[in-house]
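1. Generate a structure from the sequence data that follows.
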Amino acid sequence: MPIDQELLRIEARDSGKEDWHLWGPYLSDRQWGTVREDYSADGDAWTSFSFDQSRSRAYRWGEDGLLGISDKSGLLCFSAALWNGKDPILKERPFGLSNPQGNHGEDVKDYFYHLANTPTHSFMRGLYKYPQQEFPYSHLIEENGRRSRLESEYELVDTGIFHENRYFDVFFEYAKAGPDDIAIRLRIVNRGPDSAPLTVLPTLWFRNTWTWEIAPASKPEIQLLPDRLGVSAHCLDQEEYRLQGEGAPDWIFTDNETNDRRLYDAPNRTPYVKDAFHDYVVDGITRAANPAKIGTKAAAIYHRTLAPGEEWVIRLRLSAGSQEKPFDAAFEKLFAEREKEQLAYFEFIAPGIPENLSHVMRSAIAGLLWGKKFYSYHVNRWLDGDPTMPAPPAERRKGRNVFWNDLFANDVISMPDSWEYPYFCAWDLMFQSVAFAVVDPSTAKRQNMLLQGERYTSPSAQQPAYEWALSDANPPIGGWAAWRIYSIERGMKGCGDRTYLKKIFNKLTLNYGWWANRVDQTGDNVFEGGFLGLDNIGVFDRRYPLPDGSRIAQSDGTAWMATFSLSMLNIAIELAREEPEYEDIADKFLNDFIYLAAAINAPGQAGIALWDDEDGFYYDVLRRPDGSSDYLRTRSVAGLTPLFAVESFDAETALKFPLLRKRYNWFVKNRPELLEKLHHISQTVDGRTLVSLVPPDRLRRICARLFDESEFLSPHGIRALSRIYRDHPYTFTEGEKTETLSYSPADSPVAMFGGNSNWRGPVWMPMNYLIIESLQKFGFYFGDTFKVEFPTGSGVQMNLWQISLELEKRLVGIFTRGTDGRRPFNGGVEFFQKDPNWRDLLLFNEYFNGDNGAGVGASHQTGWTALVAKMCRQLHTSQVDN
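-> Numbers count the residues shown, from 1 in each chain. So this is what the prediction gives:
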């Protein structure tokens, strides 16, 4: 059966028998404009290394390209460059705007799609839409720069360049015959009405690892094979690889070295430089390539003029060692088999899933798997600079990431977005690891544990956030993610990985201590200050005290910590089932949870609680230096985060661990005031005990707002901010500082956090996922004993489990075709909605318009938006069960 083959490959990879992880889609989509490539005095990474420099300047820490691949060390890379005969440069990498250039921050402008992938990367397919007219680089920069934050972004499709379908579909396809034997197929289709020329340069190159050392261990080398049908690549740390091309193409060579003459008007260190192929192909300067047919970068040259509708196939083979018949009948058979196995594997994950859900699920997981990229960043070396380069400015030792000397990243990591966010983000990675659990539990566990390792975590046990500010405090959801991964794998395989659970629990315990000791600044279990992932959610920037010294006690900060505590309690109880010594530490986490639950539900300093009984909602509280306090009454997803801290335990668990009951009874006897709003913890339904931050009476009041279509409930999920603020903006004045917050369903109207993310109205997949999961936990406990109106005011009563599925339908519906034939994420672009070569291509945006579901923000956020794959699977299984 085909399904067995991918499962066997996964088992061989996980057991170490065969390294199917060796090659994958690890080549970044963007290396320029990143912090790790920035050696400036002012930390302006976008200016320090621009898109214009990217074709000519050697990267220090990685490489990039168009739908390419690399080995897992990011040393040997493959991609293809394109030229339509009109562009001023080769198309080597996706183009996008830098943060200062975009009216809503950085934004990719090219259109490319992740169509297929497997856990072992045995079959991969991507698609790039390449215009036949000159690419409007300057026009896109100028027009977006002219627009204000209140205007929409100007996209490539808006320029009219795809008029009459004058573009090429370029499919990048990879099929592995073995861990180090990769068949490559480039399929190009002329979608236009006229014949059009195209030059394709399949390119093999080494990441530059030699320029930065005084005496490098070795410099790799690529040279022409004696039969002139391909090239061989040699590196001291790798076995020889060969890239062979069908049809005896011409091969050109250069070195992956900076063109100092072009960039700095200085002499080049080598006559053959990184951008030589641009000169050779675009400008016809043949002397730019090395006539000796040797270098660290090589490309085959294919050229054809394609008739309308014509398909052109270029076949290549990248392998360790020689392939005697690389392009015989077995080549095409390999692609057919691997694609069949890929489809069979998804059928195994979700048997019988209908095609509309399967298409969304496969596409989301394809994007998730394509988002695995090689990431290297050695902070100490980055701060010190390289011995062969000018010394970095002294200001760098007082700037970004100076307290993270020990961070040493050199791994394949799941990226939030393969172009817009080509670096790890701590809390994004936790959501991504949960998304991986559906398709590849082993990778889920590796990604979940990575940032908890000794090469990443600080000596104080703080987890790094992201390269722009490693010290930022992201929501501590590592415990939640670990428990979900364990539970999902247990559900799929019938048993959980206790070894993994024990390892991650020990690491998380250290991080838990950092949070408890460093973030709770007042010692009253109410957390304040710091970036908590929700960017511009607040009326004020919650990272900083106000000018008068006032601080913001965050309802979500405290709720995140309570969720962390409850997740750790869950893990400790699971481990204690076989190892009783974990019961003692479970007792500790229950103890902490009660203190946190009391802090968020009962009046604190100045007699004001985070729960506002008048409005029936959790709010941030402004605490002034004089001891007075005020609510910041903005109904946002920050006030919904207390819902996430919920679990229920069966009677068997309560009997098995009497210490937990004793801990609760201790509070009853000695600290009854802390349980004033937590009486539900002692109650049972059908023998189950509920442990939640939100009491049932408050849950009902929250639900009334949550499911109100004039507030949070949109046709496409839960909004991040109540729609009430569209017509009634919220204004707050503190001293001389006045700020206004209003409902903005799409792009961010403010520059806070770079202006490329907006939490003031759109629908965000990860927060919706957590809301749905929480509703399901409440629903599992209450059953039909707890029903509310859905939508509010409709008169239709549903239990919380039923409502959770209705929300999943709305979220999945962002990507499926409605009765009108439209996919909401494509918005009002008729070309995308109706053209047969576009309408079934899916992009998974960072967030979605709170009114119409159109995709907004980063466009390849699979990433956390891949969580929709699990929703597809659950919707299908719930229908089958019913």
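2. And stretch 352-359, how far out from the chain middle?
-> Stretch 352-359 sits 24 Å away from the centroid of its parent chain (CA atoms, centre = their mean, to the nearest Å).
3. likewise stretch 838-857?
-> Offset of stretch 838-857 from its chain centre (CA atoms, centre = their mean): 15 Å.
4. Tell me which residues of it come out buried.
-> For stretch 838-857, a neighbour-count test (16 or more other CB atoms under 10 Å) marks 838, 841-857 as buried. For glycine as for every other residue, the C-beta is placed from the backbone atoms N, C-alpha and C.
5. quick one, strands of the stretch 701-850 of the chain?
-> With DSSP state E, counting those that start in this stretch as the criterion, the stretch 701-850 of the chain has strands at 713-714, 717-718, 730-734, 737-741, 787-789, 797-799, 847-848.
6. Relative to Ile600, which of these is closest?
-> Nearest to Ile600, of all these, is strand 717-718, at 20.4 Å by CB to CB.
7. Paired strands for that closest one, with orientation please.
-> strand 713-714 (antiparallel) (DSSP bridges).
8. Contacts for the partner strand next, please.
-> The list of residues contacting strand 713-714 from outside it, by CB atoms under 8 Å, 6 or more residues apart in numbering, reads 706-707, 719, 723, 763, 791-792, 810, 850-851, 853.
9. Likewise for stretch 89-96?
-> Identification of contacts with stretch 89-96 by CB under 8 Å, 6+ apart yields 29-30, 51, 54-55, 64-66, 79, 81-84, 106-110, 112, 128, 130, 135, 137, 140, 201, 203, 277-278, 281-282, 419-420.
10. Filter those down to the buried ones and hand me the ChimeraX line.
-> In ChimeraX, this line selects whichever of the contacts of stretch 89-96 come out buried by 16+ other CB under 10 Å:
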select :29,30,51,54,55,64,65,66,79,81,82,83,84,106,107,108,109,110,112,128,130,135,140,201,203,277,278,281,282,419,420
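11. Take the contacts of stretch 89-96 and keep only those in strands.
-> Per DSSP state E, strands hold the following members of the contacts of stretch 89-96: 79, 81-83, 107-108, 112, 128, 130, 201, 203.
12. Need the residues you listed in a markdown table (columns: distance to Met415 and pLDDT).
-> Output for the ones in strands among the contacts of stretch 89-96, formatted as a markdown table (distance: CB to CB, whole Å; pLDDT from 0 to 100):
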| residue | distance to Met415 | pLDDT |
| --- | --- | --- |
| Ser79 | 17 | 98 |
| Ala81 | 22 | 98 |
| Leu82 | 23 | 98 |
| Trp83 | 28 | 98 |
| Asp107 | 16 | 94 |
| Val108 | 13 | 97 |
| Phe112 | 15 | 98 |
| Tyr128 | 18 | 98 |
| Tyr130 | 23 | 98 |
| Leu201 | 26 | 98 |
| Thr203 | 22 | 98 |
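13. Just grab the bridge partners of the closest residue to Leu546 other than its chain neighbours for me.
-> Excluding the flanking residues, the one nearest Leu546 by CB to CB, 6 or more residues apart in numbering is Glu734, at 5.5 Å. Going by DSSP bridges, Glu734 is paired in beta bridges with Lys737.
14. mind listing what Glu734 touches?
-> Taking CB under 8 Å, 6+ apart as the criterion, Glu734 is in contact with 540, 546, 548, 550, 622.
15. now swap in Pro459 and tell me
-> If a contact means CB under 8 Å, 6+ apart, then Pro459 has Asp406 as its contacts.
16. Equivalent analysis for Phe564, please.
-> Contact partners of Phe564, counting by CB under 8 Å, 6+ apart, are 476-480, 512, 515.
17. The host helix or strand of it: how far from the chain's middle?
-> Assigned by DSSP states H and E, Phe564 belongs to helix 555-576. Centroid displacement of helix 555-576 relative to its chain, using CA atoms, centre = their mean, is 23 Å.
18. Show me what secondary structure element comes after that helix.
-> The first helix or strand that comes after helix 555-576 along the chain, using DSSP H and E, is helix 582-601.
19. Could you name the helices and strands sitting against that following helix?
-> Applying 3 or more CB pairs under 8 Å, 6 or more residues apart in numbering; DSSP states H and E, we find helix 582-601 packed against helix 555-576, helix 658-670.
20. distance of Tyr128 from Ser79?
-> According to CB to CB, to the nearest Å, Tyr128 and Ser79 sit 10 Å apart.
21. no no, Pro642
-> 47 Å.
22. what's the closest non-adjacent residue to Lys803?
-> Let me fix one detail, which is that residue 803 is Ile and not Lys. Phe790 is the one closest to Ile803 (CB to CB, 6+ apart), at 4.9 Å.
23. I misspoke; the intended subject was Arg726.
-> Closest residue to Arg726 apart from its sequence neighbours, by CB to CB, 6+ apart: Tyr743 at 3.9 Å.
24. residue contacts, the one you found?
-> 721-726, 729, 760-761, 850.
25. Which of these fall in helices?
-> Using DSSP state H, no member of the contacts of Tyr743 sits in helices.
26. Now tabulate those residues in CSV and tack on distance to Glu240 and pLDDT.
-> Shown next, in CSV, are those (distance: CB to CB, whole Å; pLDDT from 0 to 100):
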residue, distance to Glu240, pLDDT
Leu721, 57, 95
Ser722, 62, 96
Arg723, 61, 97
Ile724, 65, 96
Tyr725, 63, 94
Arg726, 63, 94
Pro729, 65, 93
Arg760, 55, 90
Gly761, 55, 92
Gly850, 55, 96
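27. Stretch 627-640 spans what distance, first to last residue?
-> 26 Å (CA to CA, to the nearest Å).
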